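Engineer: predicted model and sequence below, questions to follow.
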Amino acid sequence: MTLKHTPESFNEFGKSFLPGHLGIRITEVAEGRVSAELPVEPHLLAPNGYLHAGSVVTLADTAAGYACIANLPEGAQSFTTIELKSNHLGTARQGTIAVVATAVHLGRTTQVWDAIVTDKASSKTIALFRCTQMILYPK
């Protein structure tokens with residue numbers, strides 16, 4: 001499989017949308033894997049001063065979604081998320097959080113991706129994430 005996407009192409013692709021607005025930066029694109037990071041900024045925190053769960057889920061979902069795009073089967077046009085789940089085990093108030101999304105199942109009609117979000121400096125796990133993507137084909 002030859003991947004046609006790069007970190008730079010995905011960063012450009014998402015810059016005008018939620019990933020770019022939040023500051024998500026794709027750092028690696030490989031077969032069955034995408035890595036990304038997000039600097040923890042005040043606008044990503046909940047009112048209690050800790051990282052908002054939605055910020056963590058958006059980072060994980062972006063990495064898994066871009067990984068799905070990079071690994072679409074022959075003839076597929078796109079995808080849509082049909083299920084996602086996250087378990088939050090920690091948080092951050094500063095620094096950078098990182099994610100690695102890896103393929104669990106790369107089928108013709110669905111893909112399943114796991115993502116682990118960590119504090120980049122300490123490698124402490126912040127969240128475990130899993131999503132299922134439905135693969136879309138042209139009519």
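Structural biologist: Structure received.

Engineer: grab the nearest non-local neighbour of the one residue sitting closest to the centre of the chain.
Structural biologist: Centrality entry for the chain: nearest residue to the mean C-alpha point is Ala63, 1.9 Å, by Cα atoms, centre = their mean. Spatial nearest neighbour of Ala63, excluding adjacent residues (Cβ to Cβ, 6 or more residues apart in numbering): Ala101 at 3.9 Å. Glycine gets a C-beta too; all of them are placed from N, C-alpha and C.

Engineer: ok, now how distant is the residue of the chain most remote from its centre from Glu37?
Structural biologist: Outermost residue of the chain with respect to the C-alpha centroid, by Cα atoms, centre = their mean, is Lys139; its distance is 27.7 Å. If you measure Lys139 against Glu37 using Cβ to Cβ, to the nearest Å, the figure is 37 Å.

Engineer: how about the lengthiest helix in the chain: buried residues?
Structural biologist: Across the chain, the longest stretch assigned as helix under DSSP state H is helix 53-70. For helix 53-70, a neighbour-count test (16 or more other Cβ atoms under 10 Å) marks 55-70 as buried.

Engineer: where does this structure dip in pLDDT?
Structural biologist: Of all residues in the chain, those with pLDDT under 70 make up the ranges 1-2.

Engineer: mind listing the helices for it?
Structural biologist: Under the criterion DSSP H, the chain carries helices at the ranges 7-14, 18-22, 53-70.

Engineer: residues touching Thr125, list them.
Structural biologist: When the contact criterion is Cβ atoms under 8 Å, 6 or more residues apart in numbering, the partners of Thr125 are 89-90, 116-118.

Engineer: picking up where we left off before, which strands and helices lie in contact with the longest helix of the chain?
Structural biologist: Applying 3 or more Cβ pairs under 8 Å, 6 or more residues apart in numbering; DSSP states H and E, one finds that helix 53-70 contacts helix 7-14, helix 18-22, strand 25-30, strand 33-39, strand 78-88, strand 96-106, strand 110-119, strand 125-136.

Engineer: again, 6 Å this time
Structural biologist: Using 3 or more Cβ pairs under 6 Å, 6 or more residues apart in numbering; DSSP states H and E as the contact definition, the elements that helix 53-70 packs against are strand 33-39, strand 78-88, strand 96-106, strand 110-119, strand 125-136.

Engineer: kind regards, and thank you for your time.
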